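J.: Next input, structure requested:
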Amino acid sequence: MKKIKKNKSHSNFLKKWLIKINRKLGFELIDQNNLTFSTRENTEEQSVTEINKKIITLPLGEIEIKNKVKSLLIIFRSFTNENKLLSQNKKRIFEEEKKEYTLRSLRSICRNISSFNEKFDELKTYLKIIDDKSDKSIIDQFNNICSKEKISYDIEKLDNEKYSEKLNFKDNPRMVSHNCHIMQSKNFALKEDYDLIYFVEDDYIHAENAIEEMVCSYQKFSSQTEDDIILCPSDYPYLYQKYENTHILMGHKKHWRQVGESLCTYLLSKNTLKKYWSHYEDMFLNNYDPYEKPLHDLYKKVHCFSPMPSIAIHLTNINSIYGLSPQIDWKKLWNENK
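T.: The predicted structure is shown next:
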């Protein structure tokens, strides 16, 4: 019997034509045989994100993005002149000088911004570094790190005198400086025209694509809930000591759970910052125990989520319940950002 040869070129032409038509109509073709997106170059992805348009996650389907984002401001607070933890007489994991944590944290942020810009060039990003009295040699290293990744940025000095007189306490010079640092960061964000703002402390090392995960998950969750949300990048271990009900959502590529507390590294919209300014101002002006009490009160009004597992690690003491996130290779992240 004569074999009938299949015309592969004709079959491939029809497939490409069908894919092209479906893409123009806004559809995605999914091959159920191997669970891949036939309409994508990377067919092994289990989710498809088109910023400001849609997110598709197998097998959950498509979510239309209603909360559009055009710009992201990252504010990085740096302080390199003290090797002990704030309010604690303890050394950090790996026991290096404080500047090493700052430099590696900044490097992880800049790499994230660079990769995010490559994927989502239609969204404007800007890095603002507000520094508290670092040596010129450190500032030079900041410039080298940022320039190498070809990102938009600038460095500004902390102006303690401008804010310190407004505080309701004076008995702790280090906390006075800390609060001035936060106040200057928030005031800068309030004056600038950015949709999303990511406030980052200088002892958080970020995993690859952490910023992508946050921005895309923000769009997804805020579209699902039809409301603003706040995202914290760390899965803090101390929150597992509290037996509380929560909500778990599927983000861009990670699971996220609702939390009622965080520290001072988080992403939010400018609308949230403006609307709930009184909570942030209360935190600046006072020295509560816990310090973040006004944030925790805010999370009763605006849902806050953190990823599982973490997409950024807080480099504190090995025994600190506010630091190292579970189920993460801490040393690998540390070494990758040397």
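
J.: CA only for contacts and neighbour counts going forward, please
T.: OK.

J.: Tell me where the stretch 101-250 of the chain has strands.
T.: All strands of the stretch 101-250 of the chain, identified by DSSP state E, counting those that start in this stretch, fall at 124-131, 153-157, 196-201, 204-206, 230-231, 248-250.

J.: Enumerate the beta-bridge partners assigned to Ile129.
T.: Phe76, Ile155 (DSSP bridges).

J.: mind listing what the residue nearest to Thr102 when sequence neighbours are not counted touches?
T.: Using CA to CA, 6 or more residues apart in numbering and skipping the chain neighbours, the partner closest in space to Thr102 is Asp202 (4.9 Å). Shown in contact with Asp202 (CA atoms under 8 Å, 6 or more residues apart in numbering): 76-79, 101-102, 105-106.

J.: just checking, which of the residues you listed belong to helices?
T.: The helices, defined by DSSP state H, take in 101-102, 105-106 from the contacts of Asp202.

J.: Let's have the strands of the stretch 101-250 of the chain in a markdown table, adding mean pLDDT.
T.: Below are those laid out as a markdown table (pLDDT from 0 to 100):
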| stretch | mean pLDDT |
| --- | --- |
| strand 124-131 | 98 |
| strand 153-157 | 98 |
| strand 196-201 | 98 |
| strand 204-206 | 96 |
| strand 230-231 | 98 |
| strand 248-250 | 94 |
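
J.: List the contacts of the residue nearest to Ile138 when sequence neighbours are not counted.
T.: Nearest residue to Ile138, sequence neighbours excluded (CA to CA, 6+ apart): Lys99, at 7.6 Å. Neighbour list for Lys99: 79-81, 138 [criterion: CA under 8 Å, 6+ apart].

J.: on that earlier part again, tell me which of the strands of the stretch 101-250 of the chain sits nearest to Lys70.
T.: Lys70 lies closest, by CA to CA, to one member of these: strand 124-131, at 6.3 Å.

J.: ok, residues contacting the closest one?
T.: 70-79, 113, 117, 151-158, 181, 185.

J.: again, but for stretch 142-159
T.: By CA under 8 Å, 6+ apart, stretch 142-159 touches 103, 106-107, 110-111, 113-114, 125-133, 180-181, 184.

J.: if we go to 6 Å?
T.: The contact list for stretch 142-159 (CA atoms under 6 Å, 6 or more residues apart in numbering) reads 114, 126-132.

J.: same thing with stretch 270-286?
T.: 167-168, 179, 183, 195-196, 294.

J.: can you check stretch 106-115 too?
T.: 149, 205-206, 209.

J.: likewise stretch 173-181?
T.: With CA under 6 Å, 6+ apart as the test, stretch 173-181 has contacts from 160, 163, 284.

J.: Let me know the closest of those residues to Leu190.
T.: Phe284 (14.5 Å).

J.: Secondary structure element for that closest one, which one?
T.: helix 277-285 (DSSP states H and E).

J.: Glu118: neighbour count?
T.: 9 (other CA atoms under 10 Å).

J.: pretty sure Ile74 belongs to a helix, no?
T.: No - according to DSSP: H, G, I helix; E, B strand; the rest coil, Ile74 belongs to no helix; its state is strand.

J.: right, and it touches Val200 too?
T.: No - counting by CA atoms under 6 Å, Ile74 stays clear of Val200, with 7.2 Å between them.

J.: got the domain boundaries for the protein?
T.: What automatic domain parsing lists as the domains of the chain is 27-65, 71-336.

J.: Against which helices or strands is the helix or strand just after the helix holding Phe284 packed?
T.: Toward the C-terminal end, the helix or strand that comes next after helix 277-285 (DSSP H and E) is helix 293-298. Taking 3 or more CA pairs under 6 Å, 6 or more residues apart in numbering; DSSP states H and E as the contact definition, helix 293-298 has no neighbouring helices or strands.

J.: can I get the CA coordinates of helix 293-298 in PDB?
T.: Below are the C-alpha coordinates for helix 293-298, written out as PDB (Å, rounded to 0.1, in the frame of the first residue of the first chain):
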ATOM      1  CA  LYS A 293       1.300  49.700  64.400                       C
ATOM      2  CA  PRO A 294      -0.300  52.300  62.100                       C
ATOM      3  CA  LEU A 295       0.300  50.000  59.100                       C
ATOM      4  CA  HIS A 296      -1.400  47.100  60.900                       C
ATOM      5  CA  ASP A 297      -4.400  49.300  61.500                       C
ATOM      6  CA  LEU A 298      -4.400  50.300  57.800                       C
END
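
J.: Buried residues of that helix, list them for me.
T.: Buried residues in helix 293-298, counted by 16 or more other CA atoms under 10 Å: 293-296, 298.

J.: Stretch 324-336 too?
T.: 324-326, 328, 330, 333-334.

J.: picking that back up, can you confirm the residue nearest to Ile138 is in a strand?
T.: No - with three-state DSSP as the criterion, Lys99 is assigned helix and is not in a strand.
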